[in-house]
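*Asks:* have a look; sequence and predicted model below, questions after that.
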Amino acid sequence: MRQRLLIVSLIAGLALAAPMVFAQQFSSVEERMSSSDFKAAGLDKLSPEELAKLNDFIKHEVDTRTAQAHEVGARENDNSNIAKIGFKHYEGKRDEIVSRIPGTFTGWTGHSTFTLENGQVWRQADPDSELVGVRLVNPEVHITPGFLGTWQLHVEGYGTFTKVERVQ
């Protein structure tokens, strides 16, 4: 019973230990442990096949946890990129942004600035574009990628858009 507890503890400890250490190159249990620790854990009593199965199990756990850590890192990087989306030197994914303009929206006049509910601030980049005679409260807006790095602001219910650039 004690031997089984030691083996389970060893497996859990190795599987949970910093996966990035193992990501470079996997070392077997017998390579990682001193011979006295290997014997104290009762692992010297395992057959070569049992020891190979144990090493395969640990390697699989390490690979799985390393892949999970990479996914978390990629998600965190994506979230960081979301905060940068729309700025001139942004090089990440150019996904559509959907938000609202809080309060009363009365269109644009060529030099308008739009503060969105999500905190982003966009400025009209097309001085010749106008949308007048509009009066909406909290309209939904879609900012979509345009050509050559530009962005376009579309307001719900209107078939027109204006080019915008992110300023904050």
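*Replies:* In hand now; what should we look at? Residues are numbered from 1 along each chain as shown.

*Asks:* contacts for stretch 140-160, please.
*Replies:* Applying C-beta atoms under 8 Å, 6 or more residues apart in numbering, the contact partners of stretch 140-160 are 86, 88, 94-101, 105, 114, 116, 122, 124-125, 131, 134, 136, 139, 161-166. Glycine gets a C-beta too; all of them are placed from N, C-alpha and C.

*Asks:* from those residues, which land in strands?
*Replies:* If you go by DSSP state E, these have 97-100, 105, 114, 122, 124, 136, 161-166 in strands.

*Asks:* ok, back up a step: show me just the buried residues among the contacts of stretch 140-160.
*Replies:* Among those, those classed as buried by neighbour count (16 or more other C-beta atoms under 10 Å) are 86, 97, 99-101, 105, 114, 116, 122, 124-125, 131, 136, 139, 161-164, 166.

*Asks:* pull out the buried positions in the longest helix along the chain.
*Replies:* What stands out as the longest helix in the chain, according to DSSP state H, is helix 48-84. Buried residues in helix 48-84, counted by 16+ other C-beta under 10 Å: 51, 54-55, 58-59, 61-62, 65-66.
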